[in-house]
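Participant: No letters, just coordinates:
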C-alpha cells in the first residue's frame, strides 16, 4: 500500500485525500486549520457516497487516514505530496522549502495551484525537479481531469511517475507542452466568467438564465465532446476547415468589444449574490453538493455505457481493477470451479436507487445481467466471440427479492450453473450483501446466431468450458428457489 | 394539428423541422438548395433515432412533411415560420420582405440568427412586431435551449405566443431582457473559441487535449448546473459572496492578456484542421453525430431520473403528454377497467440497447417497473401517498422474453391485476410491439410501511380501488404464462 501526504485540507485538499483513500492509499494530512478534520470528513462523506459505485468493480479497500501536527510526520513514507494551500506564491514557497527539508527526494510534490506556472513555484527550491503543477477540478473525487504542468527543471522520470500515479487514481493527466499562466481550463473559465459578469451587470440575463443558457445548450454538448469535436460535427461532411471558414470571421464581430474586465464593485457582488440566492437558495450548499454528485455519477455512468469520454476513462480504470478482483479471464483463470463463481463485486451506485430509497428492481436485473455477461466471458462467449456472430439471449428470468440494498452498499453475486449443454444455459445467481442473500436470479438463456436471431449450438470451446463447470459443480445442491413459480398468493 | 414553415434547410433548419414534425406538427419546407430534401432527410433520420425515446411517454403521431418551390406555398396555414438562411443581414431582410407579403399576419417569424439583434432584423419590415430571434442549438431536435430575443417592436401577445410554441416543443425559451449582439450563449462560445485558438496557435495544447480539458472537467459540471450554481457550491457554506471575494481578483491576473483576437491565417486553419483529423478522423461525421446523440440521450435521461436541469424540463414536457395518452390520473380517470389497463406507451430509447443490438433485459424490467408505478398511481399509491409513508415493494418477478425490441420501437404495456387484496398485489404485464406480445412480466408486490420496511395493509382508498379493478377484470382469463416456473430445460 502506498502513501500520499495532503498539505492543506479544505475542499480541494479534502477531495485529493478522498481520491487517494478510496483508491487504497494511506493518506496523511497536515493542515494548521483546527477545522481541517471536520472539513475533510465532510468531503470524504460525499466521496464515499458517490465514488465507489461509479465503477462497475469494487475499489480496493480504503487506506488509512491520519492527521499530523508537523510536516515531517505528514510526509513520512509519502511518494506523493499534494500542496493545496492558499493561492499566494510566498506561502507556497515557504511550504515547499519546509517540505523539501523533510520529504523523500523522489516523492512528487504536486501543487493544486490554478494560476501559477511550475517555474514560479520552483523559484529558490532546493530540488526544483520535484515540484510540479497537478491542478484538479472540484469535486476532485469525481472529475478525472488533472492539468499536469511541468518546467524544464522537472526530470523525465519524475514526470513519468506523476503520470502513473494520476492514472492509477482513475484520473487523466493532461500534460501541457508548455507552461502558461492559469494552464488551460481556467483560461476558459475565466473567459466565460468575464462575459457572464458583463451580462449580469448590464441586465441582459440573470445568473439563473445564464446557467440555463449553459446547461440546456452547449454545457451538455461539451460534457461529451468538448469544443473542437463538437464543431467538427457542426461543420458536417465538409469538416473542420469548412466550419472555420464559416465561423472564423465571427471573431471580428462587434461582441468582442466586451473584452475589458468589468469593475468588481460591491454593487456587482450584491447583484450576483442576490440573483444566486433567488436561483439556488432553496437548497443548502450540502444539498447542492449531493445533487451535483448524483447528477455527475448518472451522467458519467451514461457515458460509461457508451464507452465515451469520461466514461471511457472509467472503463479503462475498471479493466485494471478486474484481475485483482478475480473478475477477468476465461475458465482457466479461475482457481475453484466447484463452488458458485464470483461474477460481480461492486458498490450500489447513486443512480440505482428509487423513490423508496433503495436499489430499484430493474437494477437487480442489471446486476444479474452483468453477472451473466461475466459468466458468458468465462465460458468463452466474450466480445470477440460475439463480434463473430454468436451470443446468448435470455429467454426467462425469475427474481426473488429477499432484502434491500441501499446506495453505497457493497454487493456480490455468485453464480451456479444449473445446466450448460448445447444451446441451453440455465444459471442461478445469488446476490449477497455481506453474508446475507438479498436476492436470487434464475435465468434461462439460449445460444443464438446474431445473423438469423435463432437458437443454434455454441462453439465447441464453449461446450467444453460448460462441461468443465458442470463436472466441477455437480456436487452442489440444486437451489430450493430454482424451478419454482411465483408463490400462489393465497 | 398545427403547421410550421421552415425557410432554409440545412442542419439548423432540418433540426427545427424534426422538432416540429416529431411533436406532431405539419412542416412545410422552402429551400432553394436542390439538396435540401436529402439534407433534411438525414437530420430527420438522426432525430427519429434519438428524440422519441428520450421521453418516457410516446410523442404524438408525426406530422406531415412537404417541400415547396415558392414561399407562398410554404407558409400556407403556418402559425410559426422559422428562418435559417445564411447569416447575412441583407439576405435575411429580403427573405422577411418576401415572407411578409404572403404569410399570416399573426404568425411568428423566428430567426435562427446567432448574431443579429431583432431590431436589426426588423429594419424596413412591413410588420416588425412579427419578427424575433429564436436561436436554437445543434442538434436542435435534442437540445432544449432557445434564445428568444425581442425588441420593443414585438407585441406582448406575439411574444407570449412564441414562448408557448417553444415550450410545447419541449424546449426552454430563454427570453432576454435586452437585445444584445450574439445574445448570451454565443458570447461564451466565442470567448472560449478565442482562448482555444490561442492555445493551439501557441502550441500549449492540441485540439484533442483542449477537448479533454473541457469534457473531463468543467464541461460535465456545466451540463447540470451551469456556471453560477457550480461556483455557489464551490464557495461552500460562505456562499456566493465568499466565492467572489476569493476568485474575483483573478480577473486582473496576467492571463487576461490573451484577450486580443488571434489572426486567422491559413497556417492556423491548417494546424487546427490537422489536429482535429488526428483526434476524430477515425469516425465519419455521420458516426460522430450518432455517437453524440446517443451520449446526449443517455446524459439527459440520467438528469431526467434526478428531475434536474434538462431532465427536469423533459419531465415537465412528459407530464403534459400523459393525459392525452391515457397515462394520468387515478382509477376514476380510466374509461374501461374491464380490459388490461394501458400502463406504458413509449419508444425504446437509445440507451436501452446492448451489445446484441436490442433492448437489454434489465430495461424490460425497467419498463415493467414503470408500468407497476403507473398501476400504483391508478390505485392511489401516488407520490403524495408514498411521501406519507406507504409504498409497494416487489417481492418476485418472472419475465418471459418472446421477441426482441430495437431502439426506436414503440412499445406498450397492458396490465392485468391477478390479485389485489390486503397487502398483496399480483400483476401481470404484457409488453406489446404493435399486436405482438414481446414479453410478459409477472410481479408479486407487498404493501409496506416505509418506516418499518415491513408489510402492512394499504389505505382503505387503495383497497377500494383494487376491489373495483378486481370486479371489473373478474371476467378476464387467467394468463397461461402466470403461475409457471421457468420451464425445466430437458
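Facilitator: Yes, it's here. Computed from a prediction, not measured in an experiment: that's the story for all the values here.
Participant: Does chain B have contacts with the host helix or strand of residue A:196?
Facilitator: Assigned by DSSP states H and E, residue A:196 belongs to helix A:185-201. Yes: on the criterion Cβ under 8 Å from any Cβ of the partner chain, helix A:185-201 is in touch with chain B at A:185-197, A:199. In short, each C-beta sits where N, CA and C put it, glycine included.
Participant: so does the next helix or strand after that helix get close to chain B?
Facilitator: Following helix A:185-201 in sequence order, the next helix or strand is helix A:207-213 (DSSP H and E). Yes: for helix A:207-213, a contact with chain B is found by Cβ under 8 Å from any Cβ, at A:207, A:208, A:209, A:210, A:211, A:212, A:213.
Participant: so which of the residues you listed would you say is closest to chain B?
Facilitator: Nearest to chain B, judged by Cβ to the nearest Cβ, of the residues of helix A:207-213 next to chain B is residue A:211 at 2.7 Å.
Participant: returning to what we had before: what subset of the residues of helix A:207-213 next to chain B is buried?
Facilitator: A:207, A:208, A:209, A:210, A:211, A:212, A:213 (16 or more other Cβ atoms under 10 Å in any protein chain shown).
Participant: Report the two of these separated the most.
Facilitator: A:207 and A:213 (10.7 Å; Cβ to Cβ).
Participant: and which of the residues of helix A:185-201 next to chain B is nearest to residue A:471?
Facilitator: For those, the nearest to residue A:471 is residue A:185 (56.5 Å; Cβ to Cβ).
Participant: Please report how far the closest residue to that closest one other than its chain neighbours lies from residue A:151.
Facilitator: Leaving out its chain neighbours, the residue that sits closest to residue A:185 by Cβ to Cβ, 6 or more residues apart in numbering or on different chains is residue B:213, at 4.7 Å. Going from residue B:213 to residue A:151 by Cβ to Cβ, to the nearest Å gives 19 Å.
Participant: now residue A:336
Facilitator: 53 Å.
Participant: Which of these two has more residues huddled nearby?
Facilitator: Relative neighbour count places residue A:151 above the other of residue A:336 and residue A:151, with 18 against 8, counting by other Cβ atoms under 10 Å in any protein chain shown.
Participant: is it true that the more buried one touches residue A:125?
Facilitator: No: using Cβ atoms under 8 Å as the test, residue A:151 is too far from residue A:125 to be in contact (10.8 Å).
Participant: Quick check: what element follows the helix or strand containing residue A:146 along the chain?
Facilitator: Under the criterion of DSSP H and E, residue A:146 resides in strand A:145-149. Per DSSP H and E, the first helix or strand lying C-terminal to strand A:145-149 is helix A:156-168.
Participant: Against which helices or strands is that next one packed?
Facilitator: strand A:108-111, strand A:131-135, strand A:145-149, strand A:172-175 (3 or more Cβ pairs under 8 Å, 6 or more residues apart in numbering or on different chains; DSSP states H and E).
Participant: got JSON lines for the ones you listed, with mean neighbour count and distance to chain B too?
Facilitator: Listed next are the helices and strands packed on helix A:156-168 as JSON lines, based on neighbours: other Cβ atoms under 10 Å in any protein chain shown; distance: least, Cβ to the nearest Cβ, whole Å:
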{"stretch": "strand A:108-111", "mean neighbour count": "26", "distance to chain B": "16"}
{"stretch": "strand A:131-135", "mean neighbour count": "26", "distance to chain B": "10"}
{"stretch": "strand A:145-149", "mean neighbour count": "26", "distance to chain B": "4"}
{"stretch": "strand A:172-175", "mean neighbour count": "21", "distance to chain B": "5"}
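Participant: Now tabulate those strands in CSV and tack on mean pLDDT.
Facilitator: Formatted as CSV, those follow (pLDDT from 0 to 100):
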stretch, mean pLDDT
strand A:108-111, 98
strand A:131-135, 98
strand A:145-149, 97
strand A:172-175, 96
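Participant: Same list (the ones you listed) but as JSON lines, adding distance to residue A:78.
Facilitator: Below are the helices and strands packed on helix A:156-168 laid out as JSON lines (distance: least, Cβ to Cβ, whole Å):
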{"stretch": "strand A:108-111", "distance to residue A:78": "9"}
{"stretch": "strand A:131-135", "distance to residue A:78": "14"}
{"stretch": "strand A:145-149", "distance to residue A:78": "18"}
{"stretch": "strand A:172-175", "distance to residue A:78": "19"}
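Participant: ok, residue A:475 - how many residues close by?
Facilitator: Neighbour count of residue A:475, defined by other Cβ under 10 Å: 8.
Participant: who's in contact with it?
Facilitator: Residues near residue A:475 by Cβ atoms under 8 Å, 6 or more residues apart in numbering or on different chains: residue A:338.
Participant: gap between it and chain B?
Facilitator: With distances taken as Cβ to the nearest Cβ, to the nearest Å, residue A:475 is found 20 Å from chain B.
Participant: for residue A:296, same thing?
Facilitator: From residue A:296 across to chain B, the span is 6 Å (Cβ to the nearest Cβ).
Participant: what does residue A:393 give?
Facilitator: Taking Cβ to the nearest Cβ, one finds residue A:393 at 7 Å from chain B.
Participant: Report the contact partners of the nearest residue to that residue once chain neighbours are set aside.
Facilitator: Of all residues not flanking residue A:393 in the chain, residue A:448 sits nearest, at 5.1 Å (Cβ to Cβ, 6+ apart). Applying Cβ under 8 Å, 6+ apart, we find residue A:448 in contact with A:390, A:391, A:392, A:393, A:423, A:454, A:455, A:456.
Participant: Quickly list what residue A:448 is bridged to.
Facilitator: With DSSP bridges applied, residue A:448 shows beta-bridge pairing to residue A:391, residue A:455.
Participant: mind checking pLDDT for it?
Facilitator: With respect to pLDDT, residue A:448 scores 96.
Participant: what helix or strand is residue A:345 on?
Facilitator: Assigned by DSSP H and E, residue A:345 belongs to strand A:341-347.
Participant: To clarify, my last question referred to residue A:115.
Facilitator: Per DSSP H and E, residue A:115 falls between elements, in no helix or strand.
Participant: How much space separates the nearest residue to it once chain neighbours are set aside from residue B:144?
Facilitator: Distances taken as Cβ to Cβ, 6+ apart put residue A:182 closest to residue A:115, at 5.1 Å, once the chain neighbours are dropped. The gap separating residue A:182 from residue B:144 is 32 Å, by Cβ to Cβ.
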